[in-house]
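Colleague: okay, predicted coordinates and the sequence, questions at the end:
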Amino acid sequence: MARSVESDDVPAQDEAEVRERDIVEAYLSEHALEPSLNDVINQVVAERPADPFLVLSTLLYAKATAKRGIFHVEVREILDGNGVPTVVVRLHTGKGVFEASCSSETRGIPDKADPREDPTEAAVPLAKQRFSGRGYRKQAEKAERVLAEKLLNVEPTDQSAIDSILTVLEPEVGRNVCYATSIAVCQAGAKYAELPLTEYIAKLHDMPLENLCVPMPLFSVVNAGKYASNKLFVQEIFLSPSSAVNFADAYQIGAEFNEALREQLETRGIGFTNVGAFGGFAPQLQTLAEMFQILRMALDATCTKLETGIAMDAASASPLRVDFGVDFSASDFVLLPPASASGDDAAGTSTTKSLLAPSPAEDEPRTSYSYNMDKWVSGSAGSLKSSGELFDIIRSSIRELEITAVVDPFEKEDIKSFSALLSAEHDADDASGVDATDATNLLRKSDLGGDPNCCVQIVGNTLFQFQGLDAIHEERACNTILLQLHQFSTLSRALGAVTDARRLGLSVILGAAAGDPSSEANFLAAFAIGAGIGQVKFGGLCSAECIARYNALLLASEDTFAPAFVASAYRR
């Protein structure tokens, strides 16, 4: 009997072994383990590395993640270019790790509703909190959890859908986190689409490749106002090497001028070659007339050098032409009435409205503002000018100093003064008394940047942020907007703003913030080219971060398949 029982157990054991073998074979087949292992082993044997196990582990990890989307999200606190806390977002995907960050703050646009790092420490004075309450450590931990819930296992190929998710999350995780995540998603999406980042952005923007361009650089040469410790009431003076026929020549002209300006300033004593926050010089001067006298001397020296044999396209240097612009940033030296209690609304969803929820309206609209021209002069009792007086100063400066671009010449709410300036500079029936037969004015009235309807660029930066494109268009307040990517919570919003501006007939300048990290230089360059933007204002050539942005454009312009340089048609 015992022998019979033993014989009965054999078939049952064989049957279990067969079942187990079938399960194993099905598992191996389902995951293609055998051919995958053979592939990586053969690759290791073919390469014969010194450490085969290290290479083997790397190859196996690549295979493990190759078909996956986002499988891990990191949000960490770092410092931006100004030494202020911000965040970096890292997305781990099947195609690699992609990260992005941004400047901590955008002028007037709050990143989070509560400025404190830890709202539970409300009883602790901000001055005694970590980074004066501006840290991101706790917010980063929260954002990491929230993003993981929404983005894990999502493929980063649908930018619009992911940006919609981020827009919903913005009140919870903050604008900086949303922006950095959106940019990282775009970089990952380009990798998944197997397209250069520039072409991928053009695809997202529905921009035909033949309409792409390498932009004209606007170099910051003088910093003042909030950017520096001197007495000039404006924030920045910048130049455009408008005679350049390619980006390399434009870059060289900017660098040669920068060196000539340094030499001119050095002759004036100690402190004149100080450097501001945006890569320009910060000389101890008080008036635009003094500053432009030095700029013209530096330009003469640059012309002499470049027109006598320096390796450069002859059309770029002979004759050499440089246009100057001034960023007044008038909102920084306007005198405002006491602020009323503001609402808690989040940023609007349409850039045609504004990037900010408006403050409650005053009982009566203001017709004039007071501007303190001595805001940056230590010990001064102030030199107040009305909107009309500042208007006259700006018009006089445009004519006498031959300025071709003015940025934020008035306070962001003084939209009527913007409109008056644009009308005075561009309308045929100019009531200002300018002699239309004067050769100087005729030259000034010629087309600027290939635009027959433009002789001076009236540029809105804070005006655009606070008023929106619809108000700018309705009031005919300016002909150009200056946008910075981190003004927006997502890439889709930024691209939408470019589209809306062009639809309304406005030119676009892509800018950068003083605190933007140099790690984002390649993306800024790709965005400028991919969105077909004709001008970029990335700072001056005394700053490593700013130079990194221009270097990225230089390398992109020298690529075999790079689009054409905008040359004299930069107002696109």
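Modeller: Thanks, I have it.

Colleague: tell me the pLDDT at Ala346?
Modeller: At Ala346, the pLDDT value in this model is 41.

Colleague: I should have written Lys305 there, sorry.
Modeller: What the model reports as pLDDT for Lys305 is 89.

Colleague: kindly report the same for Arg134.
Modeller: The per-residue confidence score, pLDDT, reads 79 for Arg134.

Colleague: renumber starting at 44 from here on
Modeller: Understood, numbering begins at 44; the last thing we discussed is Arg177.

Colleague: identify the bridge partners of the nearest residue to it once chain neighbours are set aside.
Modeller: Leaving out its chain neighbours, the residue that sits closest to Arg177 by CB to CB, 6 or more residues apart in numbering is Pro128, at 5.4 Å. C-beta here means a position set from N, CA and C on the backbone, and glycine is covered the same way. Listed by DSSP bridges, the beta-bridge partners for Pro128 are Leu122.

Colleague: for whichever strand or helix holds Val211, name the packing helices and strands.
Modeller: Secondary structure here is read from DSSP states H and E; on that basis Val211 sits in helix 202-216. With contacts taken as 3 or more CB pairs under 8 Å, 6 or more residues apart in numbering; DSSP states H and E, helix 202-216 sits against helix 180-194, helix 218-236, helix 534-546.

Colleague: which elements pack onto the shortest one?
Modeller: When contacts are defined as 3+ CB pairs under 8 Å, 6+ apart, helix 534-546 sits against helix 202-216, helix 218-236, helix 240-247, helix 505-518, strand 523-527, strand 550-554.

Colleague: thinking again about what came up before, I'd guessed the residue nearest to Arg177 sits against Gly176; true?
Modeller: No - at 9.9 Å, Pro128 does not count as touching Gly176 under the criterion of CB atoms under 8 Å.

Colleague: hang on, the earlier thing: Leu304 is nearest to which of the helices and strands packed on helix 534-546?
Modeller: With CB to CB as the measure, strand 550-554 is the member of these nearest Leu304 (21.4 Å).

Colleague: show me what contacts Leu238?
Modeller: Applying CB atoms under 8 Å, 6 or more residues apart in numbering, one finds that Leu238 lies in contact with Lys246.

Colleague: correction: Ala267
Modeller: When contacts are counted by CB under 8 Å, 6+ apart, Ala267 is found next to Asn273, Lys274, Leu275, Phe276, Val277, Gln278, Glu279, Ile280, Gly319, Ala325, Trp419.

Colleague: tabulate the residues you listed (a markdown table), appending neighbour count and pLDDT.
Modeller: A markdown table is the format used below for these (neighbours: other CB atoms under 10 Å; pLDDT from 0 to 100):
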| residue | neighbour count | pLDDT |
| --- | --- | --- |
| Asn273 | 22 | 87 |
| Lys274 | 17 | 87 |
| Leu275 | 25 | 92 |
| Phe276 | 25 | 91 |
| Val277 | 26 | 95 |
| Gln278 | 28 | 95 |
| Glu279 | 29 | 96 |
| Ile280 | 25 | 98 |
| Gly319 | 26 | 93 |
| Ala325 | 24 | 95 |
| Trp419 | 21 | 80 |
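
Colleague: nearest to Val377 among those?
Modeller: If you rank those by distance to Val377 using CB to CB, Phe276 comes first, at 11.2 Å.
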